[in-house]
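J.: quick one, fold the following:
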Amino acid sequence: MNMSGSILVVDDKKEFLDSMRLILGGRFQIDTAQNGREAIERIKQKRYDVAVVDIVLPDFLGTDLLDRIKQISPLTEVIMITGYPSIPTARYSLKRGAFDYLERPISNETLMERIEEALRRKEERLREDQEMKRLLAENRQLRSRLLAMREQLFQVKRTHSMKIAEALLGLIGIKDEDVKLHLMSVRKFTDPIGELYGFPKEVKLDLEMAAELHDIGKLYISRSILKKSGPLNDEEWKEIREHPVIGAEIVREIWENENAATIVLYHHERIDGRGYPEGLSGEDIPLLARIIAVTDAFHAMTSKRAYRDALPVEMAVRELEINKGTQFDPDVVEAFMGVLNRLGLK
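T.: Now for the predicted structure:
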């Protein structure tokens, strides 16, 4: 088989190197080195197809030189040769990436055959390497297109979500402008708290829209109850406690977003299990619902209501602190305190 390639022969015996030039020079491009340091310098300057390396060198163990060659030029095939055969050394060499391990005396035909076989393997590995690079490039391009498509779909979803929220806010505003303003205000807390938690943008969108729609179920609550200046009676409380269930159904049916519907459904649950509509407790309450519970309560306390004046921010913060672990998730309260600091409200 007529093959050509660049060969580096490393041996401390000048006579052997001269013979290799005569035997191999007519078929291959031959360079030689008499020690490990010289070999390393040559490999740094030129990438060889095959290196023929003696196990015993004046300054290096051949196995150490094998490691250095593979570090510098991983595709170079290395044939180890020795006059002192050792099974452990042979195993180590092959394990570390040597192509072959030959014992002296070596016939010219055997050496030529092994070099040609090493060149064939080098070409195969090169083709495999090029194919892998091509596949990786195609994968990067495909991933880039998929990410672009995902971004487009997200923007469509976001636009669609905002239109739905705008329409529903318009309806609740007709019934009760205070509820509308409350929903819009609670939404403003979701972006900084979503950033603090490191939520992906899809989760942040669900949180944002759920915040803006968490009281949308009040569309079906009597206006007289919403505007009542005195305490609610049992029947009125029963009706008001229906608004998370109604709101979740509205979000589920109109927006078709189960995650956001779940947030709306559970935003009045309490950590101690005394909330509504299902009396969930602790981590059984979804995290996003626990977040809305805190932001909702804070804005409600700091807003004027028909039955009371707005509380000062300091007092509202105090109420959140007092009710950590009973009404509110302590970790969420702490995170919300950080948001208030960032917004300059605390």
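J.: can you pull the pLDDT of the most centrally placed residue in the chain?
T.: For the chain, P200 is the residue whose C-alpha lies nearest the centre (CA atoms, centre = their mean; 10.0 Å). Model confidence at P200, given as pLDDT, is 94.
J.: from R150, how far out is it?
T.: Counting by CB to CB, to the nearest Å, the gap from P200 to R150 is 11 Å. The way it works is simple: take the backbone N, C-alpha and C, and place the C-beta from them, glycine included.
J.: how about A137?
T.: 20 Å.
J.: phi, psi of A51?
T.: In terms of degrees, to the nearest 10, the main-chain angles of A51 are phi -120, psi 130.
J.: just the pLDDT for M132.
T.: For M132, pLDDT reads 91.
J.: same question but for A306, I mixed them up
T.: For A306, the predicted pLDDT is 68.
J.: now swap in N2 and tell me
T.: Value for N2, per-residue pLDDT: 46.
J.: work out for me the element the residue lying farthest from the centre of the chain sits within.
T.: Relative to the C-alpha centroid of the chain, counting by CA atoms, centre = their mean, E15 is the outermost residue, at 58.7 Å. Element membership for E15 (DSSP states H and E) is helix 14-24.
J.: what's the mean pLDDT across that helix?
T.: Mean predicted confidence for helix 14-24 is 92.
J.: over to stretch 93-111?
T.: Here the average pLDDT along stretch 93-111 is 91.
J.: what about that stretch, distance to the chain center?
T.: 46 Å (CA atoms, centre = their mean, to the nearest Å).
J.: who touches that stretch?
T.: If you take CB atoms under 8 Å, 6 or more residues apart in numbering as the criterion, stretch 93-111 is touched by 23, 50, 52, 62-63, 66-67, 70, 77-83, 85, 89-90, 114, 117-118, 121.
J.: and if you look at stretch 245-256?
T.: 161, 164, 168, 209-210, 213-221, 257-258, 260-262, 264-265, 277.
J.: cool, stretch 150-167 as well?
T.: K201, E202, L205, M209, E212, L213, I254, W255, N257.
J.: distance from the chain centre to that stretch, please.
T.: 24 Å.
J.: next: stretch 30-40.
T.: Relative to the mean C-alpha coordinate of its chain, stretch 30-40 is positioned 46 Å out (CA atoms, centre = their mean).
J.: how about low-confidence regions in the stretch 51-200 of the chain?
T.: Counting by pLDDT under 70, the stretch 51-200 of the chain contains no low-confidence range.
J.: strands of that one, residue ranges please.
T.: 77-82, 100-103 (DSSP state E, counting those that start in this stretch).
J.: just those strands: most buried one?
T.: Highest mean neighbour count among the strands of the stretch 51-200 of the chain (mean count of other CB atoms under 10 Å): strand 77-82, with a mean of 23.
J.: that strand - contacts with which helices or strands?
T.: Strand 77-82 sits against strand 50-54, helix 62-72, helix 87-95, strand 100-103, helix 108-175, with contacts defined as 3 or more CB pairs under 8 Å, 6 or more residues apart in numbering; DSSP states H and E.
J.: between strand 77-82 and the second one, find me the angle.
T.: In other words, helix 62-72. Interaxial angle, helix 62-72 versus strand 77-82 (axes from the mean of the first three to the mean of the last three CA atoms, to 10 degrees): 170 degrees.
J.: same question, the first one
T.: Angle of strand 50-54 versus strand 77-82, following the same axes, to 10 degrees, is 20 degrees.
J.: adjacent strands (with direction) for strand 50-54?
T.: strand 6-10 (parallel), strand 77-82 (parallel) (DSSP bridges).
J.: show me this protein divided up by domain.
T.: The chain resolves into domains spanning 6-136, 176-342 when parsed by automatic domain parsing.
J.: turn the ones you listed into JSON lines, including distance to Q155.
T.: Shown next, in JSON lines, are those (distance: least, CB to CB, whole Å):
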{"stretch": "domain 6-136", "distance to Q155": "29"}
{"stretch": "domain 176-342", "distance to Q155": "10"}
